[in-house]
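Student: Got a predicted model here, sequence first, then my questions.
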Amino acid sequence: MKRERRAKILATLGPASSERDVIERLWRAGADCFRINMSHTSHEALRRLVGLIREVEKTVGRPIGILADLQGPKLRIGRFAEGPVTLGDGATFVLDSDDKPGDVGRVYLPHPEILRSLAPGHRLLLDDGKVRLVVTKAGPKRAVTKVEIGGKLSDRKGVSCPDTTLPVSALTPKDRSDLDAALDAGADWIALSFVQRPDDLAEVRKIARGRALVMAKIEKPQAIERLDEIIELADALMVARGDLGVEMPLEAVPGLQKRISRAARKAGRPVVVATQMLESMISAPVPTRAEVSDVATAVFEGADAVMLSAESAAGAFPVEAVATMNRIAEAVERESVYRGILQAQRPEPEATGNDAICAAARQIAETLNVAAIVCYTAKGTTAMRAARERPASALIGLSPVPQTARRLSLVWGVHAVVGDDARDPEDMVEKANRVVVAEGFAKPGQRILIMAGVPFGTPGATNLLRLAFVSADGSSGG
C-alpha cells in the first residue's frame, strides 16, 4: 500500500488508541509512524504497544516506525498552605529553598539549580506562562521577583526559565530508565526533551549506540541560540511549538518553525512539526479552518512529518484526525504551486560524493520524467540525502535492514521496502524493477533511476546511477 503524499504523519498513541484494531485503523487512515509518550507510559505498557505495532506491521506488510518521546526534566513550584493564591500585577513574590507551604508572598522552589542560575532581569514563567515574574534580586537560596503578569497560582505548577541556561542534564533518572526500556523494546527513534546544548544529545547517543536514532525537540530559547550545533549531533528535529510558545513570544513561533524546518532540510535531517495541529478534533469530528491552514502550511514548507498528540492519543476521534491530516497533505501536494515552493527552498548540495549523486539523480529524474528513483540504502543515510532534494519522482528506499526501513517512515517522500541487497549490477536492476512494479510505482515501458554503491553491501559508498526501462514481465533493460 503506497501513500498518495510525500509528507509523513506521526500519530501519538494513548488511551484512545492503545488497542490493536485501533492502531491498525490509524495506520490505514494514514499514520506512518507512532509516538509513545513516556510521560504517561509505563515500561510494561511500552512493551505492549511496541508488540501491537509490530503485529500490525506484519498484517499490513509495511515497515512502521516507533518513536519513544522522553519526558525530560519537570520543573515545578511547591505547595500552598491554604490552597490557590492570586498574585497581583506589580506585587513582590519570593521563590526560595524553604520547603514550608507557601502563601501569597512566597513559595518553595525545589530546584536549587534554578536559584543558583537566576540573575536580575531573568523572567520566570509559571503555569504555562499564565503568570510571569521578573527577578529583581537573586541568590543561591532565594529569588525576589516582581509580578509582571499576575493571576491565580496553585500547587505544583510548572516553571519555565526562558532567559536562564540551567546546569541540568536533559536526561533525568526517569528518562535514563525509559531510554533503556525503549531501546530494549526496539524503538526506532528517541525524542529528547529539554535540549539546551549539543552535549544533551551526545549523552543520549552514547547510551543508544546506534540502536535508535535521536530526535532533538526544539522547545527552548537556548536551543534556538545553538541550533546549528544541535543539528550537527541530531538525527532529526521536532518543532515542539507548545513549550516553544510558552518560553518565547507566540508571534515568534511561526517564523521559528520556518527557520528550523529550512535549517533541518539544509542539513539533510528530517523535521517534524508538532503540537495543536488539529487540537479541536480532540472533541469534534472536524477541525477548524485555521487548523487546516496550519497543517497545510507545514506541508507547503516541506516538513518531513506532521504530528498528532492528544488528537490521536486521548481524543474522541483519533482515526478521523489521522484521516483528516492525510487528506490535507494530499490536497496540498496536488496544488500547482507546491512544487515551486519546494524548489525555491532547495539547498545547494554539499561537496560530497553522496550529495553529488543525489542532486544528479533528482535532475536526471526531472529531465527524463522517470517513474521512480530506487535508492539502495543500508543505514538510511543515502535515502535521507536523496529526500533532501525533494524529487518529483517517487523515491523508494530499498534496505536489507528492517530497522532502517522503519526509521525511514519519518522521512519525506521515502517509500521504504525491506529487501535483499544486490549481488551485482544485473541483480541490482532486477530487484529494483520488481519492487517498483510490485509496489505500484512503475509500469512496463517506463524508466526508473537506481542509486547504489559499488562494491555492493558497503554502507556509505553510494557512487552509482543506473537508468533502466521496466519491461512487461517486470524485468529491465538499461
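Tutor: In hand now; what should we look at?

Student: tell me the contacts of A45?
Tutor: Contacts for A45 (C-beta atoms under 8 Å, 6 or more residues apart in numbering) come out as S18. From N, CA and C alone the C-beta is placed, and that goes for glycine too.

Student: tell me which element G445 falls in.
Tutor: Under DSSP states H and E, no helix or strand contains G445.

Student: any idea how far the residue located most distally from the centre of the chain is from K152?
Tutor: The outermost residue of the chain, judged against the average C-alpha position, is E82 (41.8 Å), by C-alpha atoms, centre = their mean. For E82, the distance to K152 equals 13 Å [C-beta to C-beta, to the nearest Å].

Student: for the strand or helix carrying G51, which positions count as buried?
Tutor: Assigned by DSSP H and E, G51 falls within helix 43-60. Neighbour-count burial for helix 43-60, counted by 16 or more other C-beta atoms under 10 Å, picks out 46-47, 49-50, 52-53, 56-57.

Student: Next secondary structure element downstream of that helix?
Tutor: As assigned by DSSP H and E, the chain's next helix or strand after helix 43-60 is strand 65-69.

Student: angle of that next one against helix 43-60?
Tutor: Angle, strand 65-69 to helix 43-60, by axes from the mean of the first three to the mean of the last three C-alpha atoms, to 10 degrees: 160 degrees.

Student: chain center to strand 65-69: distance?
Tutor: Offset of strand 65-69 from its chain centre (C-alpha atoms, centre = their mean, to the nearest Å): 9 Å.

Student: any residues touching that strand, and which ones?
Tutor: Contacts for strand 65-69 (C-beta under 8 Å, 6+ apart): 10, 32-39, 46, 50, 53, 178-179, 182, 185-191, 193, 212, 215, 217, 406-410.

Student: from the residues you listed, which would you call buried?
Tutor: Judged by 16+ other C-beta under 10 Å, buried ones among the contacts of strand 65-69: 10, 32-38, 46, 50, 53, 178-179, 182, 185-191, 193, 212, 215, 217, 406-410.

Student: Strands - which of those land there?
Tutor: Members of those lying in strands (criterion: DSSP state E): 10, 33-37, 189-191, 215, 217.

Student: Can you tell me the element A263 falls in?
Tutor: helix 253-267.

Student: Tell me the helix or strand right after that helix.
Tutor: Next helix or strand after helix 253-267 toward the C-terminus (DSSP H and E): strand 271-274.

Student: On the pLDDT front, check the closest residue to K141 other than its chain neighbours for me.
Tutor: In space, and not counting its chain neighbours, K141 is closest to S97: 4.4 Å by C-beta to C-beta, 6 or more residues apart in numbering. pLDDT recorded at S97 is 97.

Student: Thought P112 was touching S97, still the case?
Tutor: Yes: assessed by C-beta atoms under 8 Å, S97 is found in contact with P112 at 6.3 Å.

Student: got the contact list for the residue nearest to K141?
Tutor: For S97, the contact set (C-beta under 8 Å, 6+ apart) comprises 108-109, 112, 115, 141-142.

Student: number of nearby residues for R289?
Tutor: As a burial measure, R289 scores 8 neighbours (other C-beta atoms under 10 Å).

Student: all helices of the stretch 101-250 of the chain, in order?
Tutor: Secondary structure of the stretch 101-250 of the chain by DSSP state H, counting those that start in this stretch: the helices cover 112-117, 173-185, 198-208, 221-225, 227-233, 241-247.

Student: again, but for the stretch 251-400 of the chain
Tutor: Using DSSP H, counting those that start in this stretch, the helices of the stretch 251-400 of the chain run over residues 253-267, 289-300, 310-313, 318-334, 338-344, 353-368, 381-388.

Student: now those helices as a markdown table including distance to E439 and mean pLDDT?
Tutor: Output for the helices of the stretch 251-400 of the chain, formatted as a markdown table (distance: least, C-beta to C-beta, whole Å; pLDDT from 0 to 100):
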| stretch | distance to E439 | mean pLDDT |
| --- | --- | --- |
| helix 253-267 | 26 | 97 |
| helix 289-300 | 23 | 98 |
| helix 310-313 | 26 | 98 |
| helix 318-334 | 18 | 98 |
| helix 338-344 | 22 | 96 |
| helix 353-368 | 17 | 95 |
| helix 381-388 | 15 | 96 |
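
Student: Can you add distance to T458 and give these back as CSV?
Tutor: Formatted as CSV, the helices of the stretch 251-400 of the chain follow (distance: least, C-beta to C-beta, whole Å):
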stretch, distance to T458
helix 253-267, 24
helix 289-300, 36
helix 310-313, 40
helix 318-334, 35
helix 338-344, 31
helix 353-368, 13
helix 381-388, 12
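
Student: And those helices: which comes nearest A422?
Tutor: When these are compared for distance to A422 using C-beta to C-beta, the nearest one is helix 381-388, at 13.7 Å.

Student: Show me what that closest one is packed up against.
Tutor: Applying 3 or more C-beta pairs under 8 Å, 6 or more residues apart in numbering; DSSP states H and E, one finds that helix 381-388 makes contact with helix 353-368, strand 372-376, strand 394-399, strand 414-418, strand 447-453.
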